[in-house]
Structures are given as structure tokens and as C-alpha cells.
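*Asks:* sequence and predicted structure, then a few things I'm wondering about:
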Amino acid sequence: MITKATPVDKEAIVNLSLYFQNDYLDRVVDRWIKEESGGLYLVWHEGDLVACCALSFLSAAEGWLHGMRVHPDYRRQGIAYKLNSYLLEVARSEGLKVVRLLTAPDNYQALGVAEGLGFSVNGAKRQIIYQAMLNRTACATPENSITFKLCSESDLADIKNFISSGPASEALNGLMFYPGFYCRILTDQDLLEAIKREEVYLISGQGLRRGMMVVVKDKKDNHLVLGYLDAPLEDLPSLLLMFNQWAEEGYQYYSFNLLQKQYAVLQSYLEDTFGKYETEQFLVMEKSLY
């Protein structure tokens with residue numbers, strides 16, 4: 001039996017999360033239950049909660065599947081496939097045009113379920129690097145010098161040019177990484193809202209405009225996310241100087257969404273700059289619903 005989660009189900013959901021190491025369900029369950037469109041859906045067997053998965057509406061056209069969990073005693077029984085199939089029908093009935101999900105390239109079971117449902121890889125493999133406790137005294141100073149200009153609405157045309165023609169856009173198919181582990185199309189409206197929040201920067205050097213980036217500032221979770229970056233590889237080390245400045249605003253957690261080549265360039269600087277960090281590699285997969 002599949003039901004949509006309500007506050008009454010919270011204890012069962014939290015108990016299910018205990019079977020997964022360092023799980024985050026207990027921190028997001030209240031928010032997911034409150035979502036009017038989509039939400040957290042549960043699979044029950046003889047009164048026991050055996051699986052869950054969330055469908056979030058990122059826009060009127062885009063949906064995101066996340067939080068898939070299956071109790072260890074009920075795995076390899078097709079439950080994940082059936083639940084995700086059900087959620088795709090919910091998404092289609094609500095008028096969504098595309099649904100995406102995030103998985104690791106070596107999570108073969110999840111990949112098999114996603115491919116069986118008609119999902120395909122959207123964009124390149126990406127590195128998402130987590131950091132904590134910025135070690136500002138150990139920050140390596142890059143040899144090259146570039147400047148960052150905080151964008152205004154008058155820069156929108158330049159920003160769109162970088163997004164439409166840059167290598168990152170081609171590799172990521174125009175998707176941007178947001179706090180909460182989801183990716184969505186970076187629209188003009190998103191850019192304008194991010195500009196108003198002072199999160200969009202143009203990168204210049206030697207008198208030329210060389211790239212752009214979007215830094216999402218999540219004050220609630222004390223988290224700073226480099227969600228989109230398109231710039232020459234030789235300019236990337238200077239990014240860490242900017243993150244040093246943001247550290248003074250009190251952010252503790254940092255996430256970088258980087259392509260593999262970008263990560264290779266920044267790796268030594270990340271190791272020198274952050275006292276603790278770990279890397280994970282993800283694939284974004286998507287399925288068209290029309």
C-alpha cells in the first residue's frame with residue numbers, strides 16, 4: 001500500500017532512517033510532509049513502513065525524486081521500481097514535463113531502477129565537494145589575479161551569453177546545483193532573483209570578461225554552495241580567495257559543484273584551504289513525461 005506521508009507517520013519515517021548511516025531524513029521529514037504538491041510517499045506492508053521516496057516540484061514543469069529508502073529486509077523485491085513508477089504517474093497527472101534524480105555512478109542498483117523507468121543521464125559526471133571549518137591561515141594564494149564583479153540586472157545579457165556558450169553549460173545541460181541536493185534549469189527568472197540576492201558574479205581578467213558563477217547563500221543552514229561555474233581553468237584557484245571573504249560572514253559549510261577538470265585544478269587548493277573535506281561523484285538522470 002502506498003500513501004502520502006502525514007505528521008502521524010513521522011515516528012515510523014524516522015525509525016526507517018535509522019537503518020541508513022548518517023541519514024538526513026529526520027532533518028527534512030517535516031518539510032517534505034508539508035509540501036502541498038508532491039511530498040513524501042510511503043510503502044506499507046502489514047502495517048510496517050518498508051520504503052519511502054519524495055517527489056518535489058521545483059517549478060511548474062520540473063520534478064525531483066529524492067530520499068529513496070527501502071528497509072533492508074525488503075530489498076530486491078521491486079519496491080523501489082513500483083514506488084518510483086507511482087510517483088512518475090503523480091508527476092504526470094500534475095502536469096510536470098520532466099523529472100530528475102541524482103545518483104552515484106557506482107550505485108548500480110539505483111541506476112538499474114532508474115534506467116528501467118526510462119531515465120537517462122543528463123550532463124556529465126560532476127564532483128560535489130563538501131567542506132567544513134575553513135582553515136583560513138593555510139589558504140594557498142594563487143599566482144594569477146582575477147576580479148569578481150557582483151552582477152546587476154543590466155548584466156543579464158552577458159550572463160546568459162556565458163551560460164549558452166560556455167563549456168560548463170554544455171556539460172551540465174544548463175542545470176544548476178542548489179542546496180538540498182537538487183538540480184534544475186537555470187532560467188532568466190532564477191538569474192534575476194539570484195542577482196537581487198547578490199549571488200551572481202562575472203569573472204574578469206586582463207580587461208576581459210572570462211566567466212560567471214552563481215553562489216547560493218543558505219543562511220538557515222549556514223551553508224554556501226558554488227552552484228554554477230563557467231570560467232577558464234587557470235582562473236579557478238582565485239575562487240578560494242572569494243570563499244575566504246565569505247567565511248567572514250559566518251558560513252561554516254561549503255559545497256562546490258565542479259566538473260572533473262575543474263576539480264583536478266582546484267584539488268590542491270581545496271586540500272590546503274579546508275581542514276576537512278570529502279568528495280563524491282554524482283550523475284543527474286532525467287525522464288521526459290511528454
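*Replies:* On my side now, so go ahead. Numbers count the residues shown, from 1 in each chain.
*Asks:* in its sheet, what does the helix or strand harbouring Y228 sit against?
*Replies:* Y228 is located in strand 223-230, with elements delineated by DSSP states H and E. Next to strand 223-230 in the sheet, as set by DSSP bridges, lie strand 208-218 (antiparallel), strand 253-259 (parallel).
*Asks:* mind listing what's buried along it?
*Replies:* Under the neighbour-count criterion of 16 or more other C-beta atoms under 10 Å, strand 223-230 has 223-230 buried. Placement of C-beta: from N, CA and C, glycine included.
*Asks:* including pLDDT and distance to F20, could the residues you listed go into TSV?
*Replies:* Output for the buried residues of strand 223-230, formatted as TSV (pLDDT from 0 to 100; distance: C-beta to C-beta, whole Å):
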residue	pLDDT	distance to F20
H223	84	21
L224	84	26
V225	88	23
L226	88	27
G227	89	26
Y228	90	30
L229	89	31
D230	88	35
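*Asks:* which intervals of this protein have sub-threshold pLDDT?
*Replies:* Counting by pLDDT under 70, the chain shows low-confidence ranges at 123-127, 129-145, 241, 243-248, 274-277.
*Asks:* which strands or helices does the strand ranked longest in it pack on?
*Replies:* Criterion DSSP state E: the longest strand present in the chain is strand 274-288. Where contact means 3 or more C-beta pairs under 8 Å, 6 or more residues apart in numbering; DSSP states H and E, strand 274-288 is packed against strand 98-103, strand 120-121, strand 126-134, helix 260-273.
*Asks:* looking at these, spot the one closest to F148.
*Replies:* helix 260-273 (15.9 Å; C-beta to C-beta).
*Asks:* the residue of the chain positioned farthest from its centre and E278, how far apart?
*Replies:* Most distant residue from the mean C-alpha position of the chain: E46, 35.3 Å away (C-alpha atoms, centre = their mean). E46 sits 39 Å away from E278 when distances are taken as C-beta to C-beta, to the nearest Å.
*Asks:* re the thing from before, deepest of the helices and strands packed on strand 274-288, which one?
*Replies:* strand 98-103 (a mean of 22; mean count of other C-beta atoms under 10 Å).
*Asks:* run through who's touching the next helix or strand after it.
*Replies:* Toward the C-terminus, strand 98-103 is succeeded by helix 108-116 as the next helix or strand (DSSP H and E). With C-beta atoms under 8 Å, 6 or more residues apart in numbering as the test, helix 108-116 has contacts from 68, 80-81, 84, 101, 103-105, 283, 285.
*Asks:* for helix 108-116, buried residues please.
*Replies:* Result for helix 108-116 [16+ other C-beta under 10 Å]: buried residues 110-111, 113-114.
*Asks:* pick out whichever of those residues sits closest to L25.
*Replies:* Among the buried residues of helix 108-116, and counting by C-beta to C-beta, the member closest to L25 is A110, at 16.6 Å.
*Asks:* state the distance from the closest one to Y81.
*Replies:* 11 Å.
*Asks:* do P167 as well
*Replies:* 36 Å.
*Asks:* start and end of stretch 57-77, how far apart?
*Replies:* 28 Å (C-alpha to C-alpha, to the nearest Å).
*Asks:* ugh, typo on my part, it should be stretch 236-256
*Replies:* 12 Å.
*Asks:* how about stretch 156-176?
*Replies:* 16 Å.
*Asks:* ok, and for it, which residues are buried?
*Replies:* 159, 162-163, 166-169, 171-172, 174-176.
*Asks:* from the residues you listed, pick the one nearest G207.
*Replies:* Nearest to G207 among these, with distances taken as C-beta to C-beta, is F162, at 16.8 Å.
*Asks:* tell me the bridge partners for the nearest residue to that closest one once chain neighbours are set aside.
*Replies:* In space, F162 comes closest to M212 once its chain neighbours are excluded; the distance is 4.5 Å by C-beta to C-beta, 6 or more residues apart in numbering. Note on M212: beta-bridge partners by DSSP bridges are L202, D230.
*Asks:* M212 touches A231, doesn't it?
*Replies:* Yes. Applying C-beta atoms under 8 Å, one finds M212 in contact with A231, separated by 7.4 Å.
*Asks:* anything in contact with each of those two?
*Replies:* I203.
*Asks:* got the domain ranges for this structure?
*Replies:* For the chain, automatic domain parsing gives the domain ranges 2-96, 126-288.
*Asks:* distance to G118 added to those, as JSON lines?
*Replies:* Putting the domains of the chain into JSON lines (distance: least, C-beta to C-beta, whole Å) gives the following:
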{"stretch": "domain 2-96", "distance to G118": "8"}
{"stretch": "domain 126-288", "distance to G118": "5"}
